[in-house]
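Colleague: Here is a sequence with its predicted model. Questions after.
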Number of protein chains: 2
Amino acid sequence: MSLIVEKYGGTSVADAERIDAVARNVAASARAGHQMVVVVSAMRGETDRLLALAREVNAAPSSRELDVLLATGEQVTIALLSMALHALGVAARSYTGAQIRILTDPIHGQARITDIQSERARRDLEAGKVVVVAGFQGVDPDDNITTLGRGGSDTTAVALAAALRADECRIYTDVDGIYTADPRIVPEARRLARVTFEEMLELSGAGAKVLQIRAVEFAGKYDVPLRVLSSFTPGPGTLITREDSAMEQPLISGIACNRGEAKLTIRDVPDKPGIAYAILGPVSDAHINVDMIVQNIGSDGLTDLTFTVDSEDLERSRAILEPIAAELGAAEVAGDGDLAKISVVGVGMRSHAGIATTMFRALSEKGINIQMISTSEIKISVTIDMEYSELAVRTLHKAFRLDEDLDGELDGELDRDSDAAPAPAP
Amino acid sequence: MSLIVEKYGGTSVADAERIDAVARNVAASARAGHQMVVVVSAMRGETDRLLALAREVNAAPSSRELDVLLATGEQVTIALLSMALHALGVAARSYTGAQIRILTDPIHGQARITDIQSERARRDLEAGKVVVVAGFQGVDPDDNITTLGRGGSDTTAVALAAALRADECRIYTDVDGIYTADPRIVPEARRLARVTFEEMLELSGAGAKVLQIRAVEFAGKYDVPLRVLSSFTPGPGTLITREDSAMEQPLISGIACNRGEAKLTIRDVPDKPGIAYAILGPVSDAHINVDMIVQNIGSDGLTDLTFTVDSEDLERSRAILEPIAAELGAAEVAGDGDLAKISVVGVGMRSHAGIATTMFRALSEKGINIQMISTSEIKISVTIDMEYSELAVRTLHKAFRLDEDLDGELDGELDRDSDAAPAPAP
């Protein structure tokens, strides 16, 4: 008997029929003897409907009241799913974030979970009941309703799995797993059987938007095995776990692509301490998310600072920078939209040289110009003109032979298992 | 400065425009210096929408989960009204039943309020904030969400007014007060400036469905002045208070009419102790609401027992009674649908003889046959054929001269005040 936490997103509970399908899936696991906790989002479209109502009464609604309003979305789903489970003869009880005691800080709209008092869930599980929990919401120390922000239901599921020491946390989505690249761009892309938390974080940050970064961070921190799978197509999905030294690591797990980036360069700034903060501080104060940052070594005591933001933040960023650049005596602020960030991710990179060389050679052979380069321990990212993005992803997918079954998911997995298995005790 | 609790029903908050109108009304009172608590229902149509969703997943949804589902209706409204108040520059905070600590028993769907911990509301009021509360809902001792049943928002408002010792509880509805009779039947019907709790209870029980009986009982018990007024038409409405000896009481406050009643008679039952219980117990166990009960003194140790139920419960009641009647050796069970109950209500009745005589004479002059009579200290009810109901109401309204301004609402009130005022201290 295992304890499993499952999470179903808004598309999976879009109407009564789909809620019923989710109930059947949960019922099958419960009947197989598993203890089940199910976290659900608001029905698809419900959050937007509520936001539209809010905007009708107030153009800039308070974040506290917005949380009170939006939290009703998941509350509707938990009641309906519990009713659907009852209709199948499965004992189930619904809980709001407040009831299941998901405690958060008081930052409305983007609260962080501080604690989960899981006694009530545990009592129900021991009594054989399915526990149905509203995702995305909690309560702050003053009993105000908070929400974790869009996609926060993934975080709720992982946090509950950690608090209950679940055997697995399953995130049901509309895709059947994590792929070596976006299958819409690379038809040969393969579903990964396994990926590490670190790789998943780099892939998410680089534009593979299957899971919320915070949920993956949480799962990694508390070592909760996380499985991404489809609520529509049966299959094992992709298991996200910690790095296992017994497990042979593929060199590269995947290629991610983040379109719609923009680049800003402040040229000829005096190269002195505090300059990066003077420039980037005000941008970040305006809640503009800065991604890659590159500073070139300059001559004559001058330097260039370049960074990327979302395309839609380009003009706002430029407006913030112009007066700062003037004050600092910089030569100009240059902006360039329509960029893409292409990232190659893999924990195998740690022990293999030459990944960057392969990457740069492949792109150069196709005449794709690299504008910026940024690296981490398990990722290399480059920015290029957006119009080359699909070509770049396909080129790199091929260059790293990701279309071949290198991580041995099918037959290979059996082979590898037999290779890697320790010799039987004498 | 007064503390006022206001309650707005589903029609008053049906859309963004009406929510805005409610906000303006509340803002005006807040700006006049009053401490304001506002209780709201779900937006019109929302409860039915949620019930339809529930029926799609389960034909007989659990009452616990139904409460979780339905409670979202008011939660949406409190958030929207608070946002609308903010848009007018008024400080306001929303609270669900659970948050404002409306504690109830655990009877889902028809919970009763057991306690209100009003400290949080009081803190906000003292800080100058409008407190916006979800009506109709609370929490049981195990922190499960409960609902008070349809119309329970009135009860929430009165209970909060009692707990906070409010100066007045205002129930905004789609009518502008309590009338001497239904204006659709009697065009000359007048709005009453005042009515006592007892009269209101008798009027409600007799079919004047402006207020929930439980809310009036609660207001009477805790002596909360209750005002019924329209959210669409300005005006003072009707104030419902305790009987004031200094106040001249009108003889009759109003004529109520309850159509759709049915009568059941068990003939020739042995007249012995326990017979009424043997007959009515099983009916009431089947959750059929019994209204008037009349037992005639019989001869030969036999008696007839007659009682009324809602027309729609007639056949179910008959099915329950047939075997009981057979067992008791009764002669027959006779049923008669299509009756109306006409009631004359007034606290002045206590000190005036001849009301019944006037009533019976007036009906007899119009050839209206009285089938049953039942009286209380301040009410006389008769059942008649339903087709005579409008005629009966109009006849009695005229017979008791209710179209004349006897309770002195306009000029008369001023006159009466000067008459009744005590002499100034020497």
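Modeller: Structure's in. What do you need?
Colleague: all contacts plus neighbour counts: C-alpha atoms, from now on.
Modeller: Fine.
Colleague: Which pLDDT value goes with A:Leu406?
Modeller: Per-residue pLDDT puts A:Leu406 at 51.
Colleague: actually A:Ile266, sorry about that
Modeller: pLDDT at A:Ile266 comes out at 92.
Colleague: And for A:Arg93?
Modeller: For A:Arg93, pLDDT reads 98.
Colleague: A:Val175 now?
Modeller: Predicted confidence (pLDDT) for A:Val175: 86.
Colleague: what's the nearest residue to it if we skip its chain neighbours?
Modeller: A:Ser230 (5.2 Å; CA to CA, 6 or more residues apart in numbering or on different chains).
Colleague: burial of A:Leu251, as a residue count?
Modeller: 21 (other CA atoms under 10 Å in any protein chain shown).
Colleague: these two touch, right, it and A:Val347?
Modeller: Yes - using CA atoms under 8 Å, A:Leu251 makes contact with A:Val347 at a distance of 6.9 Å.
Colleague: does the residue nearest to A:Val175 have beta-bridge partners, and which?
Modeller: Beta-bridge pairing of A:Ser230 under DSSP bridges involves A:Thr173.
Colleague: Against A:Leu203, how distant is it?
Modeller: Per CA to CA, to the nearest Å, A:Ser230 is found 19 Å from A:Leu203.
Colleague: Neighbour count: those two, which is higher?
Modeller: Here A:Ser230 and A:Leu203 are set side by side on neighbour count (other CA under 10 Å), and the busier one is A:Leu203, at 29 against 20.
Colleague: and the helix or strand in which A:Glu217 is found, average pLDDT?
Modeller: Assigned by DSSP states H and E, A:Glu217 belongs to helix A:213-222. Averaged over helix A:213-222, pLDDT sits at 88.
Colleague: Pull the distance from it to the chain's centre.
Modeller: Centroid separation between helix A:213-222 and its chain, computed with CA atoms, centre = their mean, to the nearest Å, is 9 Å.
Colleague: I figured A:Phe400 hits A:Pro250, correct?
Modeller: No - A:Phe400 is beyond contact range of A:Pro250, at 10.4 Å (criterion: CA under 8 Å).
Colleague: Chain B contacts on chain A?
Modeller: Residues of chain A lying near chain B by CA under 8 Å from any CA of the partner chain: A:16-17, A:19-20, A:53-54, A:56-58, A:61-62, A:65-66, A:68-69, A:72, A:75-76, A:79-84, A:86-87, A:93-94, A:99, A:143-144.
Colleague: quick one: which of A:Phe400 and A:Pro250 has more around it?
Modeller: Summary of the neighbour comparison: A:Phe400 and A:Pro250, criterion other CA under 10 Å, with A:Phe400 having more neighbours (20 against 16).
Colleague: Would you list the phi and psi of the more buried one?
Modeller: Torsion angles at A:Phe400 (phi, psi; degrees, to the nearest 10) stand at phi -100, psi 10.
Colleague: what sits against it?
Modeller: Taking CA atoms under 8 Å, 6 or more residues apart in numbering or on different chains as the criterion, A:Phe400 is in contact with A:Ile252.
Colleague: quick one, helices of chain A?
Modeller: For chain A, applying DSSP state H gives helices covering A:16-31, A:46-57, A:63-87, A:119-126, A:152-163, A:197-205, A:213-222, A:275-285, A:314-328, A:355-365, A:389-399, A:411-420.
Colleague: Convert the strand of greatest length in chain A to PDB, retaining C-alpha atoms only.
Modeller: Criterion DSSP state E: the longest strand present in chain A is strand A:254-270. The C-alpha trace of strand A:254-270 is given here as PDB (Å, rounded to 0.1, in the frame of the first residue of the first chain):
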ATOM      1  CA  GLY A 254      16.600  18.000 -23.400                       C
ATOM      2  CA  ILE A 255      16.600  21.200 -25.500                       C
ATOM      3  CA  ALA A 256      14.400  24.100 -24.200                       C
ATOM      4  CA  CYS A 257      13.300  27.100 -26.100                       C
ATOM      5  CA  ASN A 258      12.000  30.400 -24.700                       C
ATOM      6  CA  ARG A 259      10.700  32.700 -27.400                       C
ATOM      7  CA  GLY A 260       9.700  36.300 -26.900                       C
ATOM      8  CA  GLU A 261      12.800  37.500 -25.100                       C
ATOM      9  CA  ALA A 262      14.300  41.000 -25.500                       C
ATOM     10  CA  LYS A 263      17.800  42.300 -24.900                       C
ATOM     11  CA  LEU A 264      18.800  45.600 -23.500                       C
ATOM     12  CA  THR A 265      22.400  46.900 -23.600                       C
ATOM     13  CA  ILE A 266      23.800  49.900 -21.800                       C
ATOM     14  CA  ARG A 267      27.000  50.900 -23.600                       C
ATOM     15  CA  ASP A 268      30.100  52.500 -22.300                       C
ATOM     16  CA  VAL A 269      29.200  52.700 -18.600                       C
ATOM     17  CA  PRO A 270      32.000  53.600 -16.200                       C
END
